[in-house]
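Visitor: A predicted structure for the sequence below; I have some questions about it.
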There are 4 protein chains.
Amino acid sequence: MNTFGTNFRITTFGESHGQAVGVVIDGCPAGLALAEGDIQPLLDRRRPGTSALVSPRNEADQVEILSGVFEGITTGTPIALLVRNEDHHSTDYVELRTLFRPGHADFTYQQKYGHRDYRGGGRSSGRETLGRVAAGAVAMKFLAGMGITIAGGIVSVHGKTGTAAIEAEILAAKNAGDSVGGIVEITARGCPAGLGDPVFGKLDAQIAGAMMGIGAVKGVEIGDGFEVAGRFGSGNNDPIRKNGFASNHAGGILGGISSGQEIVVRIAVKPTPSIAQAQKTVDIYGNDAEISVKGRHDPCIIPRILPVAESMLALVLIDCWLEQAKYRT
Amino acid sequence: MNTFGTNFRITTFGESHGQAVGVVIDGCPAGLALAEGDIQPLLDRRRPGTSALVSPRNEADQVEILSGVFEGITTGTPIALLVRNEDHHSTDYVELRTLFRPGHADFTYQQKYGHRDYRGGGRSSGRETLGRVAAGAVAMKFLAGMGITIAGGIVSVHGKTGTAAIEAEILAAKNAGDSVGGIVEITARGCPAGLGDPVFGKLDAQIAGAMMGIGAVKGVEIGDGFEVAGRFGSGNNDPIRKNGFASNHAGGILGGISSGQEIVVRIAVKPTPSIAQAQKTVDIYGNDAEISVKGRHDPCIIPRILPVAESMLALVLIDCWLEQAKYRT
Amino acid sequence: MNTFGTNFRITTFGESHGQAVGVVIDGCPAGLALAEGDIQPLLDRRRPGTSALVSPRNEADQVEILSGVFEGITTGTPIALLVRNEDHHSTDYVELRTLFRPGHADFTYQQKYGHRDYRGGGRSSGRETLGRVAAGAVAMKFLAGMGITIAGGIVSVHGKTGTAAIEAEILAAKNAGDSVGGIVEITARGCPAGLGDPVFGKLDAQIAGAMMGIGAVKGVEIGDGFEVAGRFGSGNNDPIRKNGFASNHAGGILGGISSGQEIVVRIAVKPTPSIAQAQKTVDIYGNDAEISVKGRHDPCIIPRILPVAESMLALVLIDCWLEQAKYRT
Amino acid sequence: MNTFGTNFRITTFGESHGQAVGVVIDGCPAGLALAEGDIQPLLDRRRPGTSALVSPRNEADQVEILSGVFEGITTGTPIALLVRNEDHHSTDYVELRTLFRPGHADFTYQQKYGHRDYRGGGRSSGRETLGRVAAGAVAMKFLAGMGITIAGGIVSVHGKTGTAAIEAEILAAKNAGDSVGGIVEITARGCPAGLGDPVFGKLDAQIAGAMMGIGAVKGVEIGDGFEVAGRFGSGNNDPIRKNGFASNHAGGILGGISSGQEIVVRIAVKPTPSIAQAQKTVDIYGNDAEISVKGRHDPCIIPRILPVAESMLALVLIDCWLEQAKYRT
């Protein structure tokens, strides 16, 4: 199941250490001006090797549009986007042939399939998200034309807020051969009321599924999230006034449908499971063992997860926007 | 979009104040012993009118199996389950014809469709979940035969823990014409490793979407959830030992695939938006107004949401269990 | 897989000899005036017991609308339609417990599932089509409002044309304990240009799948069908003139998309496999045997298949019509 | 909707005159030995420029595997297959900018989208089938391992049978600036009983949809097809004997489910609509005009449609084979 969406359907492909990664977008409306330059900046934001805070793996990650665009305009046919892989040190992964990395999918993939691609996680690698971000950039271009903008920001890392404090926290973890988690908030402004469907297709249900489908995410909140559990109804309902809502505890979604307010989503991101410190594990033969994960890993995935989370929100919103077209007739 | 699931597909139908509510299950394996008596107890748990803590609306909610069962055994054909509506005081809802209830779907439905069923929310009513619970009971019967059991429990209501404290809190809110929210935890035991799919079909992504698709849910956590954001990787990874995992911070899911440990899900439930206290709102003509919601509402939806959340988890797990059949060949 | 359609999704349920048959329609637009009286006439056309030419099984087949309609108007929520079964002579089917009827699904169901509902075919019975016709009636009501009308007619029965000749042919077969097949043509008038999708979602592909999904259908033609195989391109292309096309060999579909001309579909219907004459078969233990199928069967299914084929065409067209809404924004 | 299949899902992309064409296969089982050499031969059979009977367009059509294969074995992740376009004489198409070609999708695409890619039909070009054939080759490799083989053959061209007569007929049409149609039969041997689903997922329904989804196909028959319309039931039912069926009028499918006999499908293929002879048409401004289609077209598409039709049958069968896995547990 490598396809996401109903109306704006994306199918991602490619492994961390294979020939290429990419995505096919099916259902993008015709008439959108689109070039590689619209996609590359978002890819650059998720790219490794850009600072001491992220993985030093160095990939240009240059995207190529293979189809679906004619004379600079989308035609409504599938848009295939391709990025060739370049810098894959497979030798870093020899030890992983026989050892399961704690906190990774190694153990569960082996249980599920009876085998796994031990080279950097293969398909379970964060590199798979490249296809999502490429598609997300196309979605955001379309949404921007409809007045909808999406932005993500860091709420906290390892409990710290503030750029300097966060950077210090990440570097300290890196130096200790460890990693740290954090919280990210993604918002959408300009979203019209009416997006989302009743019952199982609720906008917040779609967003929650999209966000929890990003590796390392362990919690999702809409609006005030878990805080509402400690409230009275009289304090949690957003009063409606003729000039609009008086508050936004709901995070822009009521009954699963957008209210026209800002959509607010927060996700909890776990610390990167790949750490240099020794950890207890077993090998594929069932023997107790120790592992110290080598390779060029992120001490904190928060900076690079931002464009991924923004992309997933964009993919949900464009899908709902196109679905809503049925009611505009 | 009133269908949930891929392999065990349920389609729910019916409005709060229409003739009936129900569900059609498509994809239930043949050979399962099934009678109304297997379904009724779970429906009774979500039934209103059972205590002072929940809505006094009085419905027998007797389920009838219309198809898919022959000589007490499922045949593999669609199972249609029907519950007739009985006690609907539509007169309670006259005022709602022109006023939007804060915290409800009234405003957003009107924006989306240009009209809405003002009788108790119609399709957006919690009564729709009856079909989910009926289907969930069938799923749980099947899963139990595979050694998988699902149970839900109350973590807290309005910040309080403990049965007596919680009951007092709910009654106090009721007497004040108000309502309270809370947190619920649902667990699945006996789930084999290997359920769930990579990328977009992750087990936790499916669970998050299923839970956030229940009205009133504003947050979802898997395992330690938001707590992981403040941790080091060395403290968050679950060490693997030859006798099993040494901890379960991950909540039984790694890389989107079940690990064989207990699956742990928590949801934040908002206070019921229908309260007797006066609230600020607008009418359908855009004028500022006040509303005091009449009718027989739950001061706290927590007790009745439990079977719904259990059902949604069961529906996800049976869907993944059947999907996994492809790898058992 | 008992669901048909993407935008106007129908899920049928029920067995020939169970409690009831029915359908849930998900995705019907809101605002359509709908009552049982809109559905019953089409059901009556497929009803058995209406003449000497069809099965004498006597069922009132009264439909009940359970949901999705409020004050006589569809609300956009799922429409559940129910018909209770009445006249099921299960005793007719005792012999079928151990014998496979030639030309029926008995043998293949046994191979697929390891068991089968021997009471009149259970789910494989033509009675399943009742749900399709009920949903088709709703689709036709909607389409009529858009100026699209669907009609079916008999082309030939056992090679004969003309009402009297056809009736004589059917009665002769009946008296001989035999059955006859025929050809049916279904047309749609008033269909706008632009329905259908490129590649796999072609309108003719959808129609072909829908028609071949009716039991007893062994061939489908669009426009001139198999005749085109013997033509030159110069004689087969429909010239385009400013007043419209000069001919309609294509049957109203070009490149998988409706051209605005009349849509013309023909299907080949096999003789009813249930015949009184003795036939060679095997029993479920693998022994050679003879069978003479008792019960009240149709000597020719052509008269009763007409509303089913019309319904399937209507279901395809409404689905495409709603899909096309995306391009009307 | 550029995706086909449920379990073995293929998504094709690319235009006739764009950068590339290709396909992403999602759901191919892991463990299949696969290399470019398994795919290239089938692509070569549909390649133009191989004889005087087909289009002289000269493309190497070399396929590249981008993902999903590790150490020569499929891993279960998406398989992306890419073919770069080379020889596209876009200048041939200048005239098509304003004229609709009779028998083509030009008119209907313009009606649907308000624009169209006039360069050789763009996405509606037969070149799109390249992705289907690449995916079909993978499916056939898998099916062969299960003992299922698929083969297509020419029944007739313009009413003629026999290789020499057919070649003469095609060359005569070519020399006259015309084209001819024909009939093709595709069979599958070794297919186990039990493939296909009841109701809407019937194997023959899936095959009919798949075949009619190939451009130029106007009719589909299963087994004896339209001939059954003139038969008695006693002559059409295939008697069952303990050694197997005594005949195969049904074409290997009963009740929508494979019987274990040879599956027999026939399709009617229209004469290529692109002909050099002058034809009556209109321009995009609505004026009557004449067109004589230039470029390097096939006088008969029959030789090149064979691998496409075989591929579509393979794609249906592998999808059903994987679906059937659920019943093998």
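Guide: Cool, the structure landed.

Visitor: give the contact list for the closest residue to chain C within the stretch 151-300 of chain A.
Guide: With C-beta to the nearest C-beta as the measure, the residue in the stretch 151-300 of chain A that lies nearest chain C is A:Pro198; the distance is 7.5 Å. To be clear about C-beta, it is placed using only N, CA and C from the backbone, and glycine gets the same treatment. With contacts taken as C-beta atoms under 8 Å, 6 or more residues apart in numbering or on different chains, A:Pro198 has the following neighbours: A:255-257, B:1-2, B:105, B:109, B:123-124, C:77.

Visitor: kindly recompute the last result at 7 Å.
Guide: Applying C-beta atoms under 7 Å, 6 or more residues apart in numbering or on different chains to A:Pro198 gives the contacts A:256, B:123-124.

Visitor: those into CSV, with extra columns for secondary structure, pLDDT and neighbour count?
Guide: As requested, those are arranged in CSV below (DSSP: H, G, I helix; E, B strand; the rest coil; pLDDT from 0 to 100; neighbours: other C-beta atoms under 10 Å in any protein chain shown):
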residue, secondary structure, pLDDT, neighbour count
A:Gly256, coil, 96, 26
B:Arg123, helix, 77, 28
B:Ser124, helix, 75, 26
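
Visitor: possible to save those residues as JSON lines with distance to chain C?
Guide: Output for the contacts of A:Pro198, formatted as JSON lines (distance: C-beta to the nearest C-beta, whole Å):
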{"residue": "A:Gly256", "distance to chain C": "14"}
{"residue": "B:Arg123", "distance to chain C": "4"}
{"residue": "B:Ser124", "distance to chain C": "9"}
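
Visitor: for A:Ala193, what are its contacts?
Guide: If a contact means C-beta under 7 Å, 6+ apart, then A:Ala193 has A:258-260, B:108, B:111 as its contacts.

Visitor: assumed it was part of a strand.
Guide: No: A:Ala193: not assigned to a strand; according to DSSP: H, G, I helix; E, B strand; the rest coil it is coil.

Visitor: what sits closest to the closest residue to chain B within the stretch 101-250 of chain A if chain neighbours are left out?
Guide: Nearest to chain B, among the residues of the stretch 101-250 of chain A, is A:Ala105, at 2.2 Å (C-beta to the nearest C-beta). Once its chain neighbours are removed from consideration, A:Ala105 has its nearest residue in B:Gly255; the separation is 2.2 Å (C-beta to C-beta, 6 or more residues apart in numbering or on different chains).

Visitor: what count of nearby residues applies to that neighbour?
Guide: The number of residues packed near B:Gly255 is 26, by other C-beta atoms under 10 Å in any protein chain shown.

Visitor: kindly report the same for A:Gly196.
Guide: For A:Gly196, the neighbour count with other C-beta under 10 Å is 29.

Visitor: what about the strands in the stretch 151-300 of chain A?
Guide: In the stretch 151-300 of chain A, the strands defined using DSSP state E, counting those that start in this stretch lie at A:182-189, A:217-222, A:240-241, A:244-245, A:253-254, A:257-258, A:263-269, A:279-282, A:288-291.

Visitor: which residues sit against the lowest-mean-pLDDT helix or strand in chain A?
Guide: The helix or strand of chain A with the lowest confidence, counting by mean pLDDT, DSSP states H and E, is helix A:106-113 at a mean of 88. The set of residues external to helix A:106-113 that reach it, using C-beta under 7 Å, 6+ apart, is A:100, A:116, A:124, A:284, B:193-194, B:240, B:254-255, B:257-259, B:327, D:30, D:76.

Visitor: one more pass at 8 Å, please.
Guide: The contact list for helix A:106-113 (C-beta under 8 Å, 6+ apart) reads A:96, A:99-100, A:115-116, A:118, A:121, A:124, A:284, B:193-196, B:198, B:240, B:253-260, B:324, B:327, D:30, D:76.

Visitor: got the buried residues for it?
Guide: Using 16 or more other C-beta atoms under 10 Å in any protein chain shown as the burial criterion, the residues of helix A:106-113 that qualify are A:106-113.

Visitor: now tabulate those residues in TSV and tack on distance to D:Thr129.
Guide: TSV is the format used below for the buried residues of helix A:106-113 (distance: C-beta to C-beta, whole Å):
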residue	distance to D:Thr129
A:Asp106	40
A:Phe107	42
A:Thr108	39
A:Tyr109	35
A:Gln110	39
A:Gln111	39
A:Lys112	34
A:Tyr113	32
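
Visitor: out of these, which is nearest to chain D?
Guide: The nearest member of those to chain D, counting by C-beta to the nearest C-beta, is A:Tyr113 at 6.0 Å.

Visitor: and the gap between that closest one and A:Ala105?
Guide: Distance of A:Tyr113 to A:Ala105, given as C-beta to C-beta, to the nearest Å: 11 Å.

Visitor: tell me the SS of A:Leu313?
Guide: A:Leu313, by the three-state scheme (three-state DSSP), is helix.

Visitor: where does the residue in the stretch 201-329 of chain A positioned nearest to chain D land on pLDDT?
Guide: Across the stretch 201-329 of chain A, no residue is closer to chain D than A:Leu322, which sits at 13.2 Å (C-beta to the nearest C-beta). We have a pLDDT of 92 for A:Leu322.

Visitor: run through the stretch 1-150 of chain A and note the low-pLDDT ranges.
Guide: A:87-93, A:117-121 (pLDDT under 70).

Visitor: returning to that earlier point: surely the residue nearest to A:Ala105 meets A:Ile214?
Guide: No: judged on C-beta atoms under 8 Å, B:Gly255 makes no contact with A:Ile214 at a distance of 11.7 Å.
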